[in-house]
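Undergrad: Test case, fold it:
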Amino acid sequence: MPTLYIVKTGSTFDHIAQSLGDFEQWIAEGLHPPELLPAERLRLAVIDAPSCRYAALHYPEATDCAGVVISGSHAMVTDHAPWMQDLQGWLRPVCDAGVPVLGICFGHQILAHLLGGEVGPHPAGLELGTIPVAVQADVSHDPLWRHMPGCFDAQAVHYQSVRRLPPEARALAGNSHEAHHAFRWRHNVWGVQFHPEFSAAAMQAYIDHIPPAAWPRTGRSRPHCDDTPQAAQLLQHFARHVQQQAALRAHSLAH
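TA: As a prediction, the model looks like this:
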């Protein structure tokens with residue numbers, strides 16, 4: 001059975017990981033909420049992308065991937081680190097093969113970069129806290145976004161963003177700060193700048209860690225933080241889509 005791979009591109013701060021866990025755990029919990037029955041759960045595996053270059057690890061073949069989720073990271077896409085080049089070299093044929101792929105924050109940005117878009121520092125600086133996101137396209141036929149509300153709150157923490165979308169990509173959602181909070185490329189690749197895997201506790205931990213001098217000037221005394229259950233649903237929609245696509249592929253191979 002093909003596997004849904006979580007590509008870990010970095011870690012949260014140590015003090016946050018000790019109390020709340022790390023990025024890949026948050027993503028796995030979002031893909032598999034507690035109420036999901038064991039038979040409904042996908043097979044998950046984690047790939048530590050920065051370690052692959054040095055630990056003689058190998059990326060799986062596209063045919064072995066039911067889907068891919070690329071995590072956030074404290075690294076910047078514009079660093080062009082060697083492990084990022086390796087990751088992009090693997091991801092491009094996976095995307096071209098039609099495998100469902102979802103990138104989150106850094107993952108969103110590296111997808112845009114490898115597919116021909118442009119990533120760089122946001123001219124307005126840091127976006128931080130619980131922020132509004134609005135759907136800005138017709139998503140009635142999108143297997144993920146047709147299930148999302150037209151407006152919802154989401155967690156965000158980013159200095160860089162997708163400044164120009166790749167060819168064949170379409171903006172799906174944004175806000176007054178970030179025009180490209182979500183995009184889709186072709187029929188199978190999605191990127192989101194916001195964090196559907198972040199709990200309110202994780203978001204508050206980031207707000208507390210970042211010096212107030214760096215906080216966005218939004219008129220608030222401090223960045224807003226609240227639960228974002230609607231944004232979190234995106235991971236479940238992606239998991240359901242991956243399951244459906246895997247079932248269709250299995251059916252076609254059996255016939």
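
Undergrad: Could you list the low-confidence segments of this structure?
TA: In the predicted model of the chain, residues 1, 35-37, 39, 55-56, 218-220, 251, 254-255 satisfy pLDDT under 70.

Undergrad: at 80 instead, please
TA: Low-confidence segments of the chain, defined by pLDDT under 80, are located at 1-2, 33-41, 53-57, 217-221, 250-255.

Undergrad: Contacts only, for residue 233.
TA: Listed by Cβ atoms under 8 Å, 6 or more residues apart in numbering, the contact set of residue 233 reads 147, 148, 196. All C-beta spots, glycine's among them, are computed from the backbone N, C-alpha and C.

Undergrad: Rebuild the residues you listed as CSV, extending it with neighbour count.
TA: Formatted as CSV, the entries for those read as follows, by neighbours: other Cβ atoms under 10 Å:
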residue, neighbour count
147, 14
148, 20
196, 24
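
Undergrad: Out of those, which is nearest to residue 61?
TA: When the contacts of residue 233 are ranked by distance to residue 61 (Cβ to Cβ), residue 196 comes first, at 27.3 Å.

Undergrad: Count the neighbours of the residue nearest to that closest one when sequence neighbours are not counted for me.
TA: When the adjacent residues along the chain are set aside, residue 196 lies closest to residue 234, with 4.4 Å between them (Cβ to Cβ, 6 or more residues apart in numbering). By other Cβ atoms under 10 Å, the residues close to residue 234 number 24.

Undergrad: residues touching residue 234, list them.
TA: 144, 148, 192, 196.

Undergrad: wait, what's in contact with the residue nearest the centre of the chain?
TA: Central residue of the chain (Cα atoms, centre = their mean): residue 104, 1.6 Å from the mean position. Neighbouring residues of residue 104 by Cβ under 8 Å, 6+ apart: 27, 69, 70, 71, 72, 191, 192, 195, 196, 197.
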